[in-house]
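>>> pasting the structure only:
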């Protein structure tokens, strides 16, 4: 078995006083191979975003405390890395896209400038940066990229802003893309477009994608493997088709049942019974 | 303009449009610009030396012989700044080349200034006979005493004269230079210190923030004017007459308001997603502070700066009034006012004109500041 791209082992992240901590992440372990797409599914508060941010130590460590575990990216433990190596890791090896594209872009700079910054930081060998930016914008499906270069974020729609964020993330050609609920703030048709874009990118580059979502519907067509998180623990993991067809854990089963099915006559939405899961 | 459709104007353009639409702000800005021009050109507007003098068929330009180096610098650098502003697009297009040309120009100017030999005489060309002479608008020097002391405003002395016969109008024009430059530089110092301290406190939070806040509170306990008086009296008395010391002291004591403001902005901005996105792409702390957070907080900083210049001018005038700041013969509005204290019962013009000048200047800056405050507010919509 080759060295996994990302290997998280027994990661624990606590908030609050050490005597009585809130265990946001309670001993999770998972691994990702290069080029693989892993979806982490769970409800709000299950610890998905905290895990994603912890991967490059983006969590603010005064309120958060990483109490246990290690995160190995290509064999190196991220939790032990010095700051300068961490900064060259971020963006170049591991890139992020966040949930709210409108507030993830700096409002006072053009999108061209912001992508330029990303390229400037990690690929100093590039000569014609503007051409690179136009190429990146074209790859994510923005029409007339040469004109859009000088637009400000507030001039773009939500879907376009998210595409710009993806372009920023891709500009440095990372090995792992962490997508933290990238489509939650967008409406359904744009959701599909963004997921289609990610699928296309998955095929053209050998980029691994870690997709965080609470929407099981996104997962089936897109992810190779899925991990289900519940209250800080991974309760089930496996190839997507398997988990969807044959969920083992009661929580997974409940989650899958919660997705309304087209054509099915439902009088009441299914509610998860937490007491029955513990 | 339909505000539902996003326009392609930048934040700066939108702010300017909003600012310009406010008539108070617009006119305040115009008055301040006029004041700056007048202050810069003061030696050409009020001087006892002639602009052009023809005597015995010889043309001479006495005014240029009397210019001090600082006045030469005003003469060259203010229009240079204006030219750079007008050609700013070309200037910043190739910054390396532009800086090179600028540096060469500055070297040439300084060499030229080095060759000038200002004559430090107070002789005046009003009385010297000549076949033709063109005197400046106010043909008196601000430091030249005439025997006409305490003369009320007349055609000869537009604002009257003071106790030693110095022309008040000339002193006012040169005093504008003192007041405006002290106000501007002192506030720049205060802004720099305040932004640095407040920014670091707001970004790093934790103990740095706690320590900085306590330090700000300690600084705030001192009444500002008293603090400045103490600082100035610690120096030798002739240093009190030195503009740079006053600028430094005012700057070092009035930064706390800006620091609080910047700390608040940075606290808010560093919690927004785009800061996290910048960190995620690998930007260092310094880069985030300077390139991402600072441009976003420029609005409140500029507003505080504008009000601060007004306040610095007022402090400088108060200092001169009390006798601690610029003293005679250096012209300053507050200094004229302090003279007025004693002679107010018959020489009303000693109080009226500098008081009016201070009033108009401070009001203009305040209107500008209020206009800016409304203009940078992203919530207010402008038609």
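Structure's in. What do you need? Nothing here was measured: the structure is a model prediction, and the numbers come from that model.

>>> Check the gap between residue A:92 and residue B:273 for me.
Taken as CB to CB, to the nearest Å, the spacing of residue A:92 relative to residue B:273 amounts to 21 Å. In short, each C-beta sits where N, CA and C put it, glycine included.

>>> a helix runs through residue B:276, doesn't it?
Yes - the assignment for residue B:276 by DSSP: H, G, I helix; E, B strand; the rest coil puts it in a helix.

>>> Need the nearest residue in space to it, chain neighbours excluded.
Nearest non-adjacent residue to residue B:276, counting by CB to CB, 6 or more residues apart in numbering or on different chains: residue A:58, 6.5 Å away.

>>> Please report phi then psi for the one you found.
Dihedral pair for residue A:58: phi -90, psi -10, per degrees, to the nearest 10.

>>> For it, the count of nearby residues, please.
When neighbours are counted by other CB atoms under 10 Å in any protein chain shown, residue A:58 registers 18.

>>> isn't it right next to residue B:279, touching?
Yes - assessed by CB atoms under 8 Å, residue A:58 is found in contact with residue B:279 at 5.9 Å.

>>> shared neighbours of those two, anything?
Counting by CB atoms under 8 Å, 6 or more residues apart in numbering or on different chains, the shared contacts of residue A:58 and residue B:279 are residue A:90.

>>> does the most centrally placed residue in chain A count as helix, strand or coil?
The structure's chain A has its C-alpha centroid closest to residue A:179; by CA atoms, centre = their mean the separation is 2.1 Å. In the three-state summary, residue A:179 is assigned as strand, counting by three-state DSSP.

>>> List the residues that contact it.
By CB under 8 Å, 6+ apart, the contact list for residue A:179 reads A:96-97, A:198, A:209-212.

>>> for residue A:194, same thing?
The contact partners of residue A:194, taken as CB under 8 Å, 6+ apart, are A:159, A:162-163, A:166, A:182-183, A:186.

>>> what about the most far-flung residue of chain B relative to its centre, distance to residue B:134?
Here chain B has its C-alpha centre computed as a mean, and the residue farthest from that point, by CA atoms, centre = their mean, is residue B:56 with 43.0 Å. Computed as CB to CB, the residue B:56 to residue B:134 distance reads 17 Å.

>>> next one: residue B:67
With CB to CB as the criterion, residue B:67 and residue B:134 are 16 Å apart.

>>> More neighbours: which of the two?
Taking neighbours as other CB under 10 Å, residue B:67 and residue B:134 compare with residue B:67 leading, 20 against 13.

>>> The more buried one reaches residue B:73, doesn't it?
No - under the criterion of CB under 8 Å, residue B:67 makes no contact with residue B:73, lying 9.7 Å away.

>>> Return the subset of the contacts of residue A:179 lying in helices.
When DSSP state H is applied, these are split such that residue A:198 fall in helices.

>>> can you name the two of the contacts of residue A:179 that are farthest apart?
Among the contacts of residue A:179, the pair separated by the greatest distance (CB to CB) is A:96 and A:198, at 13.5 Å.

>>> the more surrounded of these two?
Neighbour count, other CB under 10 Å: between residue A:96 and residue A:198, residue A:96 has more, with 28 against 22.

>>> Residue B:205 versus that one, what's the distance?
Relative to residue B:205, residue A:96 is positioned 22 Å away (CB to CB).

>>> same thing with residue B:49?
Counting by CB to CB, the separation of residue B:49 from residue B:205 is 60 Å.

>>> Pick out whichever of those two has more residues nearby.
Ranked by neighbour count (other CB under 10 Å), residue B:49 and residue B:205 place residue B:49 first, with 25 against 17.

>>> So for the spatially closest residue to that one that is not a sequence neighbour, what's the pLDDT?
Counting by CB to CB, 6+ apart, residue B:62 is the residue found nearest to residue B:49 once chain neighbours are left out, at 4.2 Å. The per-residue pLDDT reported for residue B:62 equals 73.

>>> Which residue ranges of the stretch 151-278 of chain A form helices?
Ranges of helices within the stretch 151-278 of chain A are A:158-170, A:188-204, A:216-219, A:240-245, A:250-258, based on DSSP state H, counting those that start in this stretch.

>>> Please identify the most buried of those.
With neighbours taken as mean count of other CB atoms under 10 Å in any protein chain shown, these reach their highest mean count in helix A:158-170, at a mean of 24.

>>> close to chain B, is that helix?
Yes - if you take CB under 8 Å from any CB of the partner chain as the test, helix A:158-170 does meet chain B, through A:165, A:168-169.

>>> Compile those into CSV and extend it with columns for pLDDT and distance to residue B:351.
Written out in CSV, the entries for those read as follows (pLDDT from 0 to 100; distance: CB to CB, whole Å):
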residue, pLDDT, distance to residue B:351
A:165, 91, 63
A:168, 89, 62
A:169, 89, 67
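
>>> Quick check: residues of chain B near chain A?
Residues of chain B that fall close to chain A, judged by CB under 8 Å from any CB: B:6-8, B:10-11, B:205-206, B:272-274, B:276-284, B:291-292, B:295-296.

>>> Show me how to select, in ChimeraX, the buried members of those residues.
Selecting just the buried residues from these in ChimeraX takes one command, with 16 or more other CB atoms under 10 Å in any protein chain shown as the test:
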select /B:11,205,272,273,274,276,277,278,279,280,281,282,283,291,292,296
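
>>> Which of the residues of chain B next to chain A fall in helices?
Among the residues of chain B next to chain A, the members that lie in helices (by DSSP H) are B:11, B:206, B:273-274, B:276-280, B:295-296.

>>> Check the offset of the helix or strand of chain A with the lowest mean pLDDT from the chain's centre.
Lowest on mean pLDDT, DSSP states H and E among the helices and strands of chain A sits helix A:216-219, with a mean of 82. Averaged C-alpha coordinates place helix A:216-219 at 14 Å from its chain's average position (CA atoms, centre = their mean, to the nearest Å).

>>> try stretch A:128-137
Mean C-alpha position of stretch A:128-137 versus that of the full chain (CA atoms, centre = their mean) differs by 24 Å.

>>> what's the average pLDDT for it?
In the prediction, stretch A:128-137 has an average pLDDT of 88.
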